[in-house]
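Student: Here is my input; please provide its structure:
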Amino acid sequence: MINLSGLTLKKAGSEHVGGIAKVCSEGWRATYGYLEDEAYVEQVIEEYYNVDRILKEVTEFSEYWHGYFVAEEEGKVVGAIGGGTTGEAIGEIFVFYIDPNKRGIGIGSKLLNFYTDYQKSLGINEQWLSAQKDNEKGIPFYEAKGFVKQSEQASEGTNHISYRYMRKI
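Tutor: Reported below is the predicted structural model:
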């Protein structure tokens, strides 16, 4: 059994930006690197997981964006989740990655539960997320956590198919 007692879960601050960028970039590569060509993978990382963008997302909040939440182990970010609100009592997880070397030991479950508790505290009772078709890392995890596929949709401007998942919380 893995001891997760050294894990700290918290709302991210500016001191976590570098760790969030690293875990999201590595997580994206591990999740989509086998589905996409390398140029596309690097383009997405450069656009979404750069330090400037994450700093803004860590310091600016709205009713639609709650910021990032992190799992830390010995002061190092090993997981990041971010989301917001997309409707009355409807929450969304926009980003969720675990350090690829730390997957499968319970960090993702703890971080998802922590963020879900936060969303519940805001009155959210429905949680949504999107997962790319053939995402062999995320889809089984989400389904094991009670998310149910609601629909499929083509991603705008690409050949990608995303599945929309929802669960009541």
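Student: who touches Val44 in this structure?
Tutor: If you count contacts by Cβ atoms under 8 Å, 6 or more residues apart in numbering, Val44 has them with 28, 32. For every residue, glycine as well, the C-beta is placed using N, CA and C.
Student: cool, Val41 as well?
Tutor: Going by Cβ under 8 Å, 6+ apart, Val41 touches 28-29, 32-33.
Student: now it: how far from Ser62?
Tutor: 29 Å (Cβ to Cβ, to the nearest Å).
Student: for the chain, which spans come out with low pLDDT?
Tutor: The chain contains residues with pLDDT under 70 at 1-4, 157-158.
Student: where along this protein do the strands fall?
Tutor: 7-11, 67-73, 76-87, 90-98, 126-132, 148-154, 161-168 (DSSP state E).
Student: of all those, which lies closest to Gln119?
Tutor: The closest of the strands of the chain to Gln119 is strand 90-98. By Cβ to Cβ, the value is 4.2 Å.
Student: Show me what the closest one is packed up against.
Tutor: Contacts defined by 3 or more Cβ pairs under 8 Å, 6 or more residues apart in numbering; DSSP states H and E place strand 90-98 against helix 17-32, strand 76-87, helix 107-121, strand 126-132.
Student: So for Glu156, which of those sits nearest?
Tutor: strand 126-132 (12.2 Å).
Student: and the closest one, C-alpha only, in PDB?
Tutor: The C-alpha trace of strand 126-132 is given here as PDB (Å, rounded to 0.1, in the frame of the first residue of the first chain):
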ATOM      1  CA  GLU A 126     -23.500  18.400 -11.600                       C
ATOM      2  CA  GLN A 127     -19.800  18.000 -12.800                       C
ATOM      3  CA  TRP A 128     -18.800  17.800 -16.500                       C
ATOM      4  CA  LEU A 129     -15.700  17.200 -18.400                       C
ATOM      5  CA  SER A 130     -14.500  16.400 -21.900                       C
ATOM      6  CA  ALA A 131     -12.100  13.600 -22.800                       C
ATOM      7  CA  GLN A 132     -10.700  12.900 -26.200                       C
END
